[in-house]
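[1] model the following, please.
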Amino acid sequence: MAFHLSPSPLHFTPHPFHYKPRTPKPSLSLQNPSTLQSLQSPQTPSPKPPNSHIWINPRSPRASQLRQHSHHARYASLVKLAESLNSCIPSKDQVFEVLAQLGDTPFEQDAVIFINSLESPVAAVFALEFFQNRLRLNREAIMYNVVLKVFRKSRDFLGAEKVFDEMLKRGVRPDNVTFSTVISCARACSLPEKAVEWFERMPEFGCSPDDVTYSAMIDAYGRAGNVDMALRLYDRARAERWRVDVITFSTLIKIYGSSGNFDGALNVYEEMKALGAKPNLVIYNRLLDTMGRAKRPWQAKNIYREMRSNGFEPSWATYAALLRAYSRARYGADAISVYREMKEKGIELNVILYNTVLAMCADIGFVDEGIEIFEDLKRSGTCKPDSWTFSSLITIYSCSGRVSEAENMLNEMMEAGFEPNIFVLTSIIQCYGKANQTDDVVRTFNRLLELGITPDNRFYGCLLNVMTQTPKEELGKLIECIEKARPKLGNVVKLLVEEGQTNEALREEVDELFSLTSTDVRKAYCNCLIDLCVNLNLLESACELLDAGLRHEIYSDIQSKSPTQWSLHLKSLSLGAALTALHIWMNDLSRAMENGEELPPLLGINTGHGKHKYSDKGLAGVFESHLRELNAPFHEAPDRVGWFLTTKVAAKSWLESRKSPELVAS
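    Numbering: from 1, shown residues only. Here you go, the predicted model:
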């Protein structure tokens with residue numbers, strides 16, 4: 001059997017009996033003693049080691065005696081001898097005393113077997129010294145490689161570097177295995193930068209990496225942050241069909257996931273399976289985490305099912321990745337199911353995971369579930385609520401209009417040593433707005449300024465939303481607040497509320513406001529401003545704002561036409577904006593008829609079928625009632641959820657019967 005020291009494809013761990021250099025060289029065999037030159041006294045001929053290929057007749061009366069002198073018996077005795085030193089950190093005298101049992105002329109393969117069986121790098125160094133003193137080593141590099149392997153087992157990279165330096169001082173030339181062992185030691189010690197450093201030193205000593213080393217370096221370069229080099233090596237690995245280990249595949253998935261190339265991460269996973277590499281739990285957990293960051297919960301579900309079908313039990317990391325994936329994507333039922341499974345199994349959550357699922361509950365209106373999770377956190381004994389925890393609970397209570405609970409939670413937050421931030425105060429203002437406590441809204445706004453907090457776009461959007469729920473006689477208080485912090489927005493609101501403003505003045509102010517407002521909040525602003533106009537029965541101003549929304553591409557594709565159907569699409573609009581769009585569409589239909597344009601066979605209104613997260617009502621339900629008030633012939637389609645349809649004949653009859661169309665505010 002040939003003696004090798006090359007890394008295995010899975011863990012990049014040298015095996016003591018599989019060393020195969022890239023360039024063919026004479027191999028050192030434990031079963032071919034003629035290739036070894038054990039050196040003793042120059043005057044003494046070299047003894048021949050026992051031949052392991054001798055067949056022993058089990059019926060022979062000398063069988064037992066012969067077995068004691070066989071290769072396998074000698075191997076077992078050497079391993080046992082090494083194990084006697086593995087239970088402690090031995091001294092030099094102890095090591096020499098144990099090795100003295102081998103006699104004055106041990107064989108070179110005895111040295112290899114003995115050192116390879118050691119666990120202590122200290123013992124390995126003393127053993128090497130012992131054999132160097134007694135043998136003229138034929139392949140001293142192999143001895144150093146075996147010693148380096150012991151340092152790798154102990155994850156002692158600094159010690160391995162010192163052994164390498166000693167090797168050079170003795171004039172022993174390192175080979176490919178030397179470098180692959182040091183590189184894999186750095187990898188095992190989570191020192192990817194050191195692995196890269198040693199890999200790039202190989203040409204200096206005339207060494208050429210084999211494909212196993214190259215494959216390991218994909219992982220090292222990836223962990224060291226040199227993503228381009230890692231991916232170049234991976235491309236080469238695919239082209240030249242290198243064997244890539246599971247750890248390296250895991251790093252590649254992380255590289256692609258971190259760069260946002262989520263399809264690339266999935267491709268690596270599929271390539272890995274196609275090459276016959278078996279995913280382990282680390283791979284599955286990394287994929288689940290990647291799909292969570294990609295907001296692809298359906299793919300996380302599929303990967304989890306595959307993981308379970310392959311016999312893997314979920315770990316803490318598995319549950320954490322699933323909880324994050326479902327919570328980020330607002331898969332409420334799935335997230336709560338994972339959370340409860342963790343609690344049933346006694347798996348502890350940290351405060352970050354608690355906060356992740358609580359934030360989801362706040363976003364999608366899971367009030368009871370959020371309160372339950374908050375109480376679980378407080379009872380856990382391992383976690384304490386932080387500012388994020390309190391913020392989520394305040395949001396849950398505020399959006400539900402539960403003023404006293406929101407105030408109590410704010411007080412509890414402050415007693416715990418946390419000052420309210422912009423998010424908390426925004427939620428509190430929203431809560432007071434729902435309860436029509438305008439003076440409390442103003443008080444909270446002033447408190448925000450006193451704390452030196454600068455209002456953000458979300459805060460202004462919240463104030464506008466509060467105004468849509470505020471009686472007209474109290475709007476002036478809120479307009480003063482907005483004017484203090486954002487005069488341009490205050491001017492627009494003032495123009496809308498005051499009597500006698502011109503559409504031209506309003507158009508100029510609105511255009512300027514939207515040009516100065518970031519795109520992520522324009523729709524929220526426009527929806528709220530239109531809702532305010534509808535509540536104040538300012539139909540003309542509402543239409544002007546909707547037109548501005550179309551000009552600034554805040555809204556798009558509200559109306560569509562085909563030869564068979566004309567449609568009004570309202571899914572992305574607030575109630576006021578949807579009612580305004582309906583009013584404009586009805587006028588457009590009337591105008592088309594007056595101009596002699598033929599209506600299509602079918603007309604439809606698409607409201608969508610979603611409901612507000614903190615209400616049982618959705619746009620479809622409100623619109624059904626409104627269409628009934630208008631006596632409009634639109635009826636909900638049984639096979640198309642969220643659609644209201646009518647025929648050309650019914651629509652023409654209704655449009656002709658309309659004398660003074662009005663927009664009815666809800």
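[2] Ala577 contacts Asn527, correct?
    Yes: here Ala577 lies in contact with Asn527, judged by CB atoms under 8 Å, at a distance of 5.2 Å. Just so you know, the C-beta spots here come from the backbone N, C-alpha and C atoms, and that holds for glycine as well.
[3] which residues sit against the lengthiest helix in the chain?
    The longest helix of the chain (DSSP state H) is helix 575-594. Contact partners of helix 575-594, identified using CB atoms under 8 Å, 6 or more residues apart in numbering, comprise 468, 526-527, 530-535, 539, 542-543, 545-546, 549, 555, 558-559, 566, 568, 570, 573, 599, 603, 605, 607, 619, 622-623, 626, 651-652, 655-656, 658, 661, 663-666.
[4] rerun at 7 Å
    Residues outside helix 575-594 that contact it (CB atoms under 7 Å, 6 or more residues apart in numbering) are 527, 530-531, 533-534, 539, 542-543, 546, 558-559, 568, 570, 573, 599, 619, 622-623, 626, 651-652, 655, 661, 663, 665-666.
[5] give me the next element, helix or strand, following that helix.
    strand 602-606 (DSSP states H and E).
[6] pLDDT of that next one, averaged?
    If you average the pLDDT over strand 602-606, you get 94.
[7] list the buried residues for it?
    Buried residues in strand 602-606, counted by 16 or more other CB atoms under 10 Å: Leu603, Gly604, Ile605, Asn606.
[8] so what does that strand touch, helix or strand wise?
    strand 565-569, strand 643-647 (3 or more CB pairs under 7 Å, 6 or more residues apart in numbering; DSSP states H and E).
[9] give me the angle between that strand and strand 565-569.
    Angle of strand 602-606 versus strand 565-569, following axes from the mean of the first three to the mean of the last three CA atoms, to 10 degrees, is 10 degrees.
[10] dump strand 602-606 to CSV, restricted to CA.
    Output of strand 602-606 as CSV, limited to C-alpha atoms (Å, rounded to 0.1, in the frame of the first residue of the first chain):
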residue,chain,number,x,y,z
LEU,A,602,-67.3,44.4,-21.2
LEU,A,603,-66.2,47.0,-18.7
GLY,A,604,-64.4,46.2,-15.4
ILE,A,605,-63.1,47.7,-12.2
ASN,A,606,-60.3,45.9,-10.5
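[11] how far away from the center of its chain is the longest helix of the chain?
    Put simply, helix 575-594 sits 45 Å off its chain's centre (CA atoms, centre = their mean, to the nearest Å).
[12] report the buried residues of that helix.
    Per 16+ other CB under 10 Å, helix 575-594 contains these buried residues: 575-586, 589.
[13] could I get these as CSV with distance to Ile247 and pLDDT?
    Shown next, in CSV, are the buried residues of helix 575-594 (distance: CB to CB, whole Å; pLDDT from 0 to 100):
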residue, distance to Ile247, pLDDT
Leu575, 55, 90
Gly576, 57, 92
Ala577, 54, 93
Ala578, 54, 92
Leu579, 60, 93
Thr580, 59, 94
Ala581, 56, 94
Leu582, 60, 93
His583, 63, 92
Ile584, 61, 93
Trp585, 60, 94
Met586, 65, 92
Leu589, 65, 93
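[14] which residue packs closest to Ser653, ignoring adjacent ones?
    Pro633 (7.5 Å; CB to CB, 6 or more residues apart in numbering).
[15] repeat that for Ala82.
    Ser117 (3.6 Å).
[16] ok, how many other residues are close to Asp386?
    16 (other CB atoms under 10 Å).
[17] wait, isn't it in contact with Asn350?
    No: the pair Asp386 / Asn350 is not scored as a contact, 11.0 Å apart, by CB atoms under 7 Å.
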